[in-house]
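J.: Generate a structure from the sequence data that follows.
(2 chains)
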Amino acid sequence: AQSVTQLGSHVSVSEGALVLLRCNYSSSVPPYLFWYVQYPNQGLQLLLKYTSAATLVKGINGFEAEFKKSETSFHLTKPSAHMSDAAEYFCAVSDSGGSQGNLIFGKGTKLSVKP
Amino acid sequence: DAMVIQNPRYQVTQFGKPVTLSCSQTLNHNVMYWYQQKSSQAPKLLFHYYDKDFNNEADTPDNFQSRRPNTSFCFLDIRSPGLGDAAMYLCATSRRSSGLAGVETQYFGPGTRLLVL
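T.: I've put the predicted structure just below:
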């Protein structure tokens, strides 16, 4: 069965600092992985997705994530945090392990950005 | 712009009074989902429609029902809301294919926040 674990329910960084949000997955087959962002009282917005085409995936708003099979990880990074990045971030995996199927979400990581 | 629309954004209902939340999409996607999200938690899938095929999650209470009259619209009915049903309700859509047609990706609406008095 597929699952994701997000380490750290709350991460705080200073503006301009590196953002690193951790996601580890468990999957019996090569997974399809997603990162979503949720701003307060909003729906989820797709940041990026891993589709096996490239291990380093670039997304919107300057975020990127690297798929590391040996570490079963798909961590989200951004070189320089901006105040507008403050939000909750969810990592997700396709429940079938294939390219089609429902999503299984991690518990989320709330990112705070200090001025 | 193609999008997922949810109305209303905020809904107040009384304990036990039926309420309906609506979702519409202009993406022409064949799958529509309903999620419940409580404060500081991940979205929890309630059910989804794949075309006209309804798929209920095993732990979704009978109090929650859904209708999809056509491709564009999907409704969430809560027959007798309890205080524990106060939450954000998210609608999402995707294009699912049985062939090798890329990765199914869900697109979310802005959500409806339900308050039960």
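J.: beta partners for the spatially most central residue of chain B?
T.: Closest to where the C-alpha atoms of chain B average out (Cα atoms, centre = their mean) is B:Trp34, at 2.3 Å. On the basis of DSSP bridges, B:Trp34 is bridged to B:Phe47, B:Cys91.
J.: close enough to count as contact, A:Ala92 and A:Asn102?
T.: No: counting by Cβ atoms under 8 Å, A:Ala92 does not reach A:Asn102; the two are 9.6 Å apart. All C-beta spots, glycine's among them, are computed from the backbone N, C-alpha and C.
J.: The two: who's more crowded?
T.: A:Ala92 (26 against 19; other Cβ atoms under 10 Å in any protein chain shown).
J.: all strands of the chain, in order?
T.: You didn't say which chain, so I picked chain A. In chain A, the strands defined using DSSP state E lie at A:3-7, A:10-14, A:19-26, A:33-38, A:44-50, A:56-58, A:64-68, A:73-78, A:87-94, A:103-105, A:109-114.
J.: please go with chain B instead
T.: Assigned by DSSP E, the strands in chain B fall at B:4-7, B:10-13, B:19-25, B:31-37, B:44-50, B:53-56, B:64-67, B:73-78, B:87-94, B:107-108, B:112-116.
J.: rewinding a little: in a markdown table, list the strands of chain A along with mean pLDDT and distance to chain B.
T.: Output for the strands of chain A, formatted as a markdown table (pLDDT from 0 to 100; distance: least, Cβ to the nearest Cβ, whole Å):
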| stretch | mean pLDDT | distance to chain B |
| --- | --- | --- |
| strand A:3-7 | 93 | 9 |
| strand A:10-14 | 97 | 10 |
| strand A:19-26 | 96 | 12 |
| strand A:33-38 | 96 | 7 |
| strand A:44-50 | 94 | 4 |
| strand A:56-58 | 95 | 12 |
| strand A:64-68 | 95 | 13 |
| strand A:73-78 | 97 | 14 |
| strand A:87-94 | 94 | 6 |
| strand A:103-105 | 92 | 4 |
| strand A:109-114 | 97 | 8 |
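J.: Just put the ones you listed in CSV and tack on distance to B:Asp77.
T.: Shown next, in CSV, are the strands of chain A (distance: least, Cβ to Cβ, whole Å):
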stretch, distance to B:Asp77
strand A:3-7, 31
strand A:10-14, 35
strand A:19-26, 34
strand A:33-38, 25
strand A:44-50, 23
strand A:56-58, 38
strand A:64-68, 38
strand A:73-78, 36
strand A:87-94, 26
strand A:103-105, 23
strand A:109-114, 32
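J.: Which of those strands sits closest to B:Phe64?
T.: Closest to B:Phe64 of the strands of chain A is strand A:103-105 (Cβ to Cβ; 18.7 Å).
J.: Kindly reformat the strands of chain B as JSON lines containing distance to A:Val13.
T.: Formatted as JSON lines, these follow (distance: least, Cβ to Cβ, whole Å):
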{"stretch": "strand B:4-7", "distance to A:Val13": "31"}
{"stretch": "strand B:10-13", "distance to A:Val13": "31"}
{"stretch": "strand B:19-25", "distance to A:Val13": "35"}
{"stretch": "strand B:31-37", "distance to A:Val13": "25"}
{"stretch": "strand B:44-50", "distance to A:Val13": "29"}
{"stretch": "strand B:53-56", "distance to A:Val13": "39"}
{"stretch": "strand B:64-67", "distance to A:Val13": "38"}
{"stretch": "strand B:73-78", "distance to A:Val13": "37"}
{"stretch": "strand B:87-94", "distance to A:Val13": "26"}
{"stretch": "strand B:107-108", "distance to A:Val13": "25"}
{"stretch": "strand B:112-116", "distance to A:Val13": "28"}
